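In: Fold the following and give me the result.
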Amino acid sequence: MDKISDVAVIVGSLRKDSINRKVANALVELAPAGVKLDIVDIGHLPIYNQDGDENPPAEWTVFRQRIKRADAVLFVTPEHNRSVPAALKNAIDIGSRPYGQSAWSGKPGAVVSASPGAIGGFGANHHLRQTLVFLNIPAMPQPEAYLGGADKLFNADGKLINDGTRKFLEGFMQAYAEWVAANVKS
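Out: Numbers count the residues shown, from 1 in each chain. Take a look at the predicted model:
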């Protein structure tokens, strides 16, 4: 990879001690050379309302510009009621509007879901993938990443301590780097 790919990482959880933010931080550390991951905050975004499209809040404009600058996107999310958290859906809606001006379109993406539960946010992961199809985000099909029992993967400082998970995530990030390189718009 000649150019360093700029990847906007969107974390679906707003919790201060979020498992998914810990996963995102681990992915930042595990990213191979040529890929720079940047966690983009979504907690401050006002709720999307189409009435705001003509005179959007500054937060929407800054967020949309950041996503447009990115070469690719990576979503790291928990599962809420077999779907994505409201904050993540709000960010997706903000980035996709106004109609015909989606900041997401054509950016290669991937989804990682993590949960204390056994199925690792499988429902949220697949529900989000359905949305990515509509957003014209080519989502990496394999490897899929569902991290079950994720509350036990990190130490008190939020550092990944499970060697098997580390190895899996390293492989995931290598595959994602290759996906981005093959799918990024020049």
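In: what about Gly100, distance to Asp53?
Out: 11 Å (Cβ to Cβ, to the nearest Å). C-beta: built from backbone N, CA, C; applies to glycine.
In: Can you list the low-confidence ranges for the chain?
Out: 1-2, 186 (pLDDT under 70).
In: go again using 90 as the cut-off
Out: 1-4, 185-186 (pLDDT under 90).
In: Would you map the helices across it?
Out: Assigned by DSSP state H, the chain shows helices spanning 19-30, 58-69, 86-96, 122-134, 163-183.
In: which of the residues in stretch 154-162 are buried?
Out: Buried residues in stretch 154-162, counting neighbours by 16 or more other Cβ atoms under 10 Å, are found at Phe154, Leu160, Asn162.
In: Specify the beta-bridge partners of the first one.
Out: When bridges are assigned using DSSP bridges, the partners listed for Phe154 are Leu160.
In: Spit out the contact partners of it.
Out: Listed by Cβ atoms under 8 Å, 6 or more residues apart in numbering, the contact set of Phe154 reads Ile19, Lys22, Ala26, Leu160, Ile161.
In: quick revisit: the more surrounded of Gly100 and Asp53?
Out: More neighbours surround Asp53 than the other of Gly100 and Asp53, with 13 against 7 (other Cβ atoms under 10 Å).
In: my read: that one touches Arg97, true?
Out: Yes - using Cβ atoms under 8 Å, Asp53 is in contact with Arg97, at 6.0 Å.
In: quick one on the thing from earlier: what touches both of Gly100 and Asp53?
Out: What both Gly100 and Asp53 touch, as defined by Cβ under 8 Å, 6+ apart, is an empty set.
In: Next up, the contacts around the residue most central in space within the chain.
Out: The chain has Phe75 as the residue nearest its centroid, 1.4 Å off, counting by Cα atoms, centre = their mean. Shown in contact with Phe75 (Cβ under 8 Å, 6+ apart): Val9, Ile10, Gly12, Leu88, Gly109, Ala110, Val111, Val112, Leu128.
In: let's see it at 7 Å
Out: Counting by Cβ atoms under 7 Å, 6 or more residues apart in numbering, Phe75 touches Ile10, Gly12, Gly109, Val111, Leu128.
In: of the residues you listed, closest to Asp38?
Out: Ile10 (10.3 Å; Cβ to Cβ).
In: Relative to Asn183, how far out is the closest residue to the closest one other than its chain neighbours?
Out: Sequence neighbours aside, Phe75 is the residue nearest to Ile10 in space, at 5.1 Å (criterion: Cβ to Cβ, 6 or more residues apart in numbering). According to Cβ to Cβ, Phe75 stands 16 Å off from Asn183.
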